[in-house]
Every structure is written in C-alpha cells, then in structure tokens.
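Engineer: Compute the structure for the input listed below.
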Amino acid sequence: MNNEAETGRLQRLRQTLIGLYEGDSPRAHRFRYALLVFDSFTILFIIGTSFAPRVTPEEWIDAVLGVVILADFSARMLISRNRTRDLMHPATWADIVAIISFLLPIIGEGAGFLRVLRTLRLLRTYQMMARLRQDSELFRRNEDALTAIVNLGVFVFVMTGIVYETQHWRNPAIDNYVDALYFTITALTTTGFGDITLSGTAGRLVAVLIMIFGVTLFLRLVQVLLRPRKVRFACPDCGLFRHEPDAVHCKACGGLLKIPDEGRY
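Structural biologist: Numbering: from 1, shown residues only. Got it, this is the predicted structure:
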C-alpha cells in the first residue's frame, strides 16, 4: 500500500514538472523565465567572482547555487523520456561538472564556467524560443545575432576556464582569470602578441581549438550582423521558413504569404 502511495506521489510530481518544463500555461512560461533569470544571474556571478580571491561568503553562495542547479538537473532527469540519450549529451556532462564545482569548491572554480552551457541549452528549447519570439520584438528582429553572440560568449568563457585550470599551476604567465581571458581573446582574434603562450603539447592543442572554433564563431557573428535581415514564417505551400521582411510571395514557390506583425517592418 505504501509503495502504491509513493508511486502515486512520484507520478503526480512528474506530471507537475512536465507541466512546468514543457507546458504552455502562463505558470509554465513564468517558471521558464525564472530559470532564465537564474541562469543569467549565475553566469554574472561566475564571471564577476572569478577575477577576485575566494572568500567564505562566496563559497556559501556557490553551495546554494549548486543545490538549485542540482534540483533543476534532477527534475530534468525525472521527466526525461530517454535518460540514456540525455545523459550522453555534452550539456548534461557540463551540468554535472558545474554541480560538482559549486558544491565542492576545493575542486576549483574554473569548471564553473561550464555552467554557461545550461543557458545556451535553455534558450534553445522549443518552448523558450517560441515564447521569446512571441513576447519580445527585439528578440524576433535579432534572433540570429543574439544566438551568435551567446554562442561566442559561451565559447570564450568556457575556453577561459579551461585555459586557467590547465595552465595556472604550471605556467607563470597565467596567474589569474584575467590572464586566461586575455590569452583566449588574443588567440581567438589571431592577434598573437606572444607575451603569453601555453606550455606543453596540451596547451598548444587548446590554443589550436581556440583559434579554429573561435574564429569560426566570430565570422558567423559578423556574417549574421552584415547580411540582410529575414523574418521567420513558414510558407503554407512549400514550407520555406525565411523571407524578406516585406515579402508578399514566397521566392521559392511563388505562394501567397501572410506574414503577421513582422511583415510591417
């Protein structure tokens, strides 16, 4: 009897969480916006505190953030329809590393930079993207540019954390996060002043990754900023999804378009 009651409570909890994480109710939208605000605060906290010596209050805040992240991670796993697939996803690994780094500060705060991957994943969920398109004209008009900026920002801070964690104990030129961020930016832009270099084969491989992927993401951002703006609207005849803001007919099939709202701009 107790097992049946426990199973019933677990099922009700799971249904509640599914409604919050995947539902379309005002409550679900407010919940996901709250998660987005929490993620944004956490990222600002990670960045802001990474350049200063660690103190006891900061470690207590780390622990609180870690507990909240762990609760969110557990809820996502509880409602997952394919836990094996989700556990193999790189973003899940980043969550686990971030949780450990928050709850066990002795490991070092650098791994906490991987926490920013959660915000990128949250923004890319269908429900959140759809809601942002509906609620924010700024997001609708600049979705590609904002996504490219987020991608580049995530890459920069993750690589900064990796550079610091792999180099500060063996490379006198990398003494703090400012040094690591400075090297990451100079490598990404291929400026290469030469005043800071990464030692060892692993350090050179990290530098290569920064240059290859960083330049790619930077060029993607430039491309998005310079190309003509498109609106997102599925053609009812052929399904083409991107059109000129003032398009009346689909350029692929010639079908009549009735682009709402954004067609005015």
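
Engineer: Would you indicate which residues of the helix or strand hosting Ile99 are buried?
Structural biologist: Taking DSSP states H and E as the definition, one finds Ile99 inside helix 90-103. Going by neighbour count (16 or more other Cβ atoms under 10 Å), the buried part of helix 90-103 is Thr92, Ala94, Asp95, Val97, Ala98, Ile99, Ser101, Phe102. Where you see a C-beta, it was placed from the backbone N, CA and C, and this is true even at glycine.

Engineer: who does that helix touch, helix- and strand-wise?
Structural biologist: Contacts defined by 3 or more Cβ pairs under 8 Å, 6 or more residues apart in numbering; DSSP states H and E place helix 90-103 against helix 56-79, helix 116-123.

Engineer: By mean pLDDT, show me the worst of those helices.
Structural biologist: Lowest mean pLDDT within those: helix 116-123, a mean of 60.

Engineer: Could I get the full set of strands for the protein?
Structural biologist: Secondary structure of the chain (DSSP state E): strands at 231-232, 242-243.

Engineer: Redo these as a markdown table? Include distance to Asn82.
Structural biologist: Shown next, in a markdown table, are the strands of the chain (distance: least, Cβ to Cβ, whole Å):
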| stretch | distance to Asn82 |
| --- | --- |
| strand 231-232 | 28 |
| strand 242-243 | 31 |
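
Engineer: Which one of these lies nearest to Gln223?
Structural biologist: strand 242-243 (14.2 Å; Cβ to Cβ).

Engineer: Okay, now the sheet partners of the closest one, with direction.
Structural biologist: Strand pairing for strand 242-243, using DSSP bridges, gives strand 231-232 (antiparallel).

Engineer: outside of the partner strand, which residues touch it?
Structural biologist: Arg133, Arg140, Glu143, Phe241, Arg242, His243, Glu244, Pro245, Ala247, Ile259, Glu262, Gly263 (Cβ atoms under 8 Å, 6 or more residues apart in numbering).

Engineer: Which one of those sits in the busiest neighbourhood?
Structural biologist: His243 (22 neighbours; other Cβ atoms under 10 Å).

Engineer: picking that back up, so which of the strands of the chain comes closest to Arg9?
Structural biologist: Here strand 231-232 is closest among those (Cβ to Cβ), at 41.7 Å.
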